[in-house]
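Trainee: Sequence plus predicted model, see below.
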2 protein chains.
Amino acid sequence: MGLVVQKYGGSSVADAEGVKRVAQRIVATRKDGHDVVVVVSAMGDSTDELIDLAQQVSPLPPGRELDMLLTAGERISMALLAMAIANLGFEARSFTGSQAGVITDSVHGKARIIDVTPGRIRTALEAGAVAIVAGFQGVSQDTKDITTLGRGGSDTTAVALAASLGAQVCEVYTDVDGVFTADPRIVRSARRIPQISYEEMLEMAASGAKVLHLRCVEYARRYGMAIHVRSSFSTLPGTYVTDLDEEEAADMEQPIIAGVAHDRSEAKITVVGVPDKVGEAATIFQALADAQINLDMIVQNVSSATTRRTDISFTLPTEAGGRALAALDRVQAAVGYRSLQYDDQIGKVSLVGAGMRTHPGVSARFFTALADAGVNVELISTSEIRISVVVRGSDVDDAVAAVHSAFGLDSADVEAVVYGGSGR
Amino acid sequence: MGLVVQKYGGSSVADAEGVKRVAQRIVATRKDGHDVVVVVSAMGDSTDELIDLAQQVSPLPPGRELDMLLTAGERISMALLAMAIANLGFEARSFTGSQAGVITDSVHGKARIIDVTPGRIRTALEAGAVAIVAGFQGVSQDTKDITTLGRGGSDTTAVALAASLGAQVCEVYTDVDGVFTADPRIVRSARRIPQISYEEMLEMAASGAKVLHLRCVEYARRYGMAIHVRSSFSTLPGTYVTDLDEEEAADMEQPIIAGVAHDRSEAKITVVGVPDKVGEAATIFQALADAQINLDMIVQNVSSATTRRTDISFTLPTEAGGRALAALDRVQAAVGYRSLQYDDQIGKVSLVGAGMRTHPGVSARFFTALADAGVNVELISTSEIRISVVVRGSDVDDAVAAVHSAFGLDSADVEAVVYGGSGR
């Protein structure tokens, strides 16, 4: 009977029929006695259409104006949704990000939420209305200009509002039934994960699982806000992303492995023959940072004893490849490296699970599975609860399937799998 | 070198090309050394498309939400326009009605401006930027909800901002060259009116001339704000709507007649056989007022000496016809009238000119022209500077042409026409 925040993405409200279907779902929650705050994205492809229009007018539109333009998208969907709810006999009031009190910094296009002051939302709820809030947008604290939050922005809006209003749960509606042990398009036997910790979900999101954006999970973890990822096309439970301490996890017989994620959106650059001197790596990474490039995996081998040179490899978003190569070219003389190798035909496969911490043998089983499937590993990187490898892009499907199967994720009973070997 | 407010309608910014063309025009004004504030409408038919979407979702959308929806239209056009100006190397900042300080009452769909507090616009101008403001919209003083101003709203926004900022002139750009002595589609020899008084323009607008909305002219008159109506497709001067006192008018040899307007959007209702008793007319008009129907012309004849009954006729917007008949039905017993006649095949033709006040014989010439053209007059109504008649809809073109010609408006030299006869 508490407050529920629900977030619906653009594909759920792609047309009038979708809007009406979502309205019915919201009204059903209201009828169950809950207060409801809804965060909604722009309809279907409408944001892309607005970007198209902008490009017809200007090749490099100012960020302030691009944000002003794009925020028209949620304005349309939220007003329509409020109308559809009113048509079902329930009061609904729509609010822009600014009206809802989503206060951000001034970085147009990827603003960060710095405060949420949802006074008008509270007033609407007290009056018995459903509050509909535009996702993805806010208002800057300094200049009072309209901002957008960038990718994953609507999910983040929903979690931020839920946390600030003390909601019981933040329901994120999507077109799949929750978070899966692997992409069901690749592994047909992939299973829905009923419950996953913030840490695991963070690693899954960072490793390419697209259901929830990294940023929204980070926000949820920081404020301890439970997220329920579920389908807008069914009433089945989805995946609960919550805070599980180790004791709870043991009590609940949490599986050791959460799932297998993959990512084809990255490219790999190898800087060949970097002299083994203090500060060379720093020069390279500073040049990339100056070019505003976010790196993912970074690997450096021990340098050769004879040449006293080493190779540094890293992965980065494919769309940043050209800029990265240009930035590295500019420091070739300073660094004295021999050459650059660029490869965008790669994929990343990651195994994620909090149980890795305490269960030895996970690494051995992982690499054995890849070897048995004939998959060559090009780079390796690990965190406390994740192992990631870079493989050929054409090997990604086989690698995901092999690892998924090797860890018993195909079956219904993950806990039954016993790991042999020692260490990772 | 002062401040110029420019207003561009939806047809001027119907697509990316239109937006770029308007941007060039604005930049040209800026290069001339003027500060520029631009008020812009939604692109082309986009408002109609949004209304369509609303109707797909709800047959009777709440006014608050419809306003939230429709204001997305100007948000898109103003952001695109700011981008196009930036692309030409000039700074531009777009502002919603709310950001621009357009404060209204809370009547959604036809809010009235009650204050303008353009602090952010002033700041933008002081920083050397062009300020782009969304037309047609504001924010309610009480509830801080987004409102729309209804028909003619963008013109009114422009005049209100111009008045509040102390602009030199408010330029209203349209797809014709200004205000004409008659609709050029009907009278090919119609001429552009170089200058017209607020009063005449009000009568022209009220009589069906569509270039400027009544409301915006009223606002301009109240604040003494000069309007320059001109084409966005040429740099020719258009029509100046200004305050002309009688002396000025004489000095400038203002023409006696400003022009001929017509209107096909009205229907006529005759309440037949109304008993000649005190209060019967009041009951009828109260019933219509309660049904929110705006009447235009109202005519009552002297009652017949034998029957002691009279007929009351009035005109009203055709779309309100059904509601009016229903409202009158409900008071038939109370009023005791005999029957109702409804006719939507009518047209109104009006002659407007401040010179009527002082030049006798205008009425005689007007009715003679109609008679010579074989046009039957059904209702007559006059103001100090206007004569209007209701005729058959099929006679409107002939009537406009005949009157236009009879008052010498076809020629280039209106002043040469001498009126005979006496009185009106």
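Mentor: Yes, it's here.
Trainee: Who are the contact partners of the nearest residue to A:Gly353 once chain neighbours are set aside?
Mentor: Using CB to CB, 6 or more residues apart in numbering or on different chains and skipping the chain neighbours, the partner closest in space to A:Gly353 is A:Ile257 (3.7 Å). In short, each C-beta sits where N, CA and C put it, glycine included. Residues near A:Ile257 by CB atoms under 8 Å, 6 or more residues apart in numbering or on different chains: A:Thr181, A:Leu351, A:Val352, A:Gly353, A:Gly355, A:Met356, A:Val362, A:Phe407, A:Leu409, A:Val414.
Trainee: what about A:Arg188, distance to B:Asp155?
Mentor: Using CB to CB, to the nearest Å, A:Arg188 is found at 62 Å from B:Asp155.
Trainee: ok, the two, which is more surrounded?
Mentor: Counted by other CB atoms under 10 Å in any protein chain shown, A:Arg188 and B:Asp155 do not tie: B:Asp155 has more neighbours, with 30 against 9.
Trainee: Which helix or which strand is home to the residue nearest to A:Gly353?
Mentor: Applying DSSP states H and E as the criterion places A:Ile257 outside every helix and strand.
Trainee: Around A:Ala23, how many other residues sit close by?
Mentor: Around A:Ala23 there are 27 residues (other CB under 10 Å).
Trainee: Next one: it, what pLDDT does it get?
Mentor: pLDDT, A:Ala23: 98.
Trainee: Kindly report the same for A:Asp251.
Mentor: Looking at A:Asp251, its pLDDT is 52.
Trainee: likewise A:Asn301?
Mentor: If you check A:Asn301, the pLDDT there is 74.
Trainee: quick one: contacts for it?
Mentor: By CB under 8 Å, 6+ apart, the residues touching A:Asn301 are A:Thr310, A:Asp311.
Trainee: quick one, phi psi at it?
Mentor: Here is the backbone geometry of A:Asn301 (degrees, to the nearest 10): phi -90, psi 160.
Trainee: show me where chain A has helices.
Mentor: In chain A, the helices defined using DSSP state H lie at A:16-31, A:46-57, A:63-70, A:72-87, A:119-126, A:153-165, A:198-206, A:214-223, A:246-251, A:280-290, A:321-330, A:332-335, A:362-372, A:396-406.
Trainee: Would you mind listing the buried residues in the shortest one?
Mentor: Think helix A:332-335. The neighbour-count check on helix A:332-335 (16 or more other CB atoms under 10 Å in any protein chain shown) flags A:Val335 as buried.
Trainee: list the helices and strands that helix packs on?
Mentor: strand A:266-275, helix A:280-290 (3 or more CB pairs under 8 Å, 6 or more residues apart in numbering or on different chains; DSSP states H and E).
Trainee: Let me know the average pLDDT across the last one.
Mentor: Helix A:280-290 carries an average pLDDT of 88.
Trainee: Could you name the helices and strands sitting against that helix?
Mentor: Applying 3+ CB pairs under 8 Å, 6+ apart, we find helix A:280-290 packed against strand A:266-275, strand A:309-317, helix A:321-330, helix A:332-335.
Trainee: And the average pLDDT for the third one is what?
Mentor: For helix A:321-330, mean pLDDT is 95.
Trainee: Tell me, how many residues neighbour A:Gly115?
Mentor: Actually, residue A:115 is Asp rather than Gly. 12.
Trainee: For it, give me its contacts.
Mentor: Taking CB under 8 Å, 6+ apart, one finds A:Gly101, A:Ile103, A:Gln141 in contact with A:Asp115.
Trainee: On the pLDDT front, check the residue nearest to the second one when sequence neighbours are not counted for me.
Mentor: I take that to be A:Ile103. In space, and not counting its chain neighbours, A:Ile103 is closest to A:Asp115: 4.1 Å by CB to CB, 6+ apart. pLDDT recorded at A:Asp115 is 96.
Trainee: Quickly note the distance from A:Asp115 to B:Asp311.
Mentor: Using CB to CB, one obtains 68 Å as the distance from A:Asp115 to B:Asp311.
Trainee: try A:Arg120
Mentor: Separation of A:Arg120 from B:Asp311 (CB to CB) stands at 54 Å.
Trainee: Chain A against chain B: which residues are in contact?
Mentor: Counting by CB under 8 Å from any CB of the partner chain, chain A comes close to chain B at A:16, A:19-20, A:50, A:53-54, A:56-62, A:64-66, A:68-69, A:71-73, A:75-76, A:78-80, A:82-84, A:86-87, A:92-94, A:99, A:120, A:144.
Trainee: Pass me the low-pLDDT residue ranges in chain A, would you?
Mentor: Low-confidence segments of chain A, defined by pLDDT under 70: A:1, A:245-255, A:411-424.
Trainee: So which residue of it lies furthest out from the middle?
Mentor: In chain A, the residue that sits farthest from the middle, by CA atoms, centre = their mean, is A:Thr306; the gap is 43.7 Å.
Trainee: got the contact list for the closest residue to A:Gly135 other than its chain neighbours?
Mentor: Residue nearest to A:Gly135 in three dimensions, not counting chain neighbours: A:Ser154, with 2.8 Å by CB to CB, 6+ apart. Residues in contact with A:Ser154 (CB under 8 Å, 6+ apart) are A:Lys7, A:Gly9, A:Val39, A:Val40, A:Ser41, A:Glu74, A:Gly135, A:Phe136.
Trainee: From the residues you listed, list just the buried residues.
Mentor: Buried by 16+ other CB under 10 Å: A:Lys7, A:Gly9, A:Val39, A:Val40, A:Ser41, A:Glu74, A:Gly135, A:Phe136, out of the contacts of A:Ser154.
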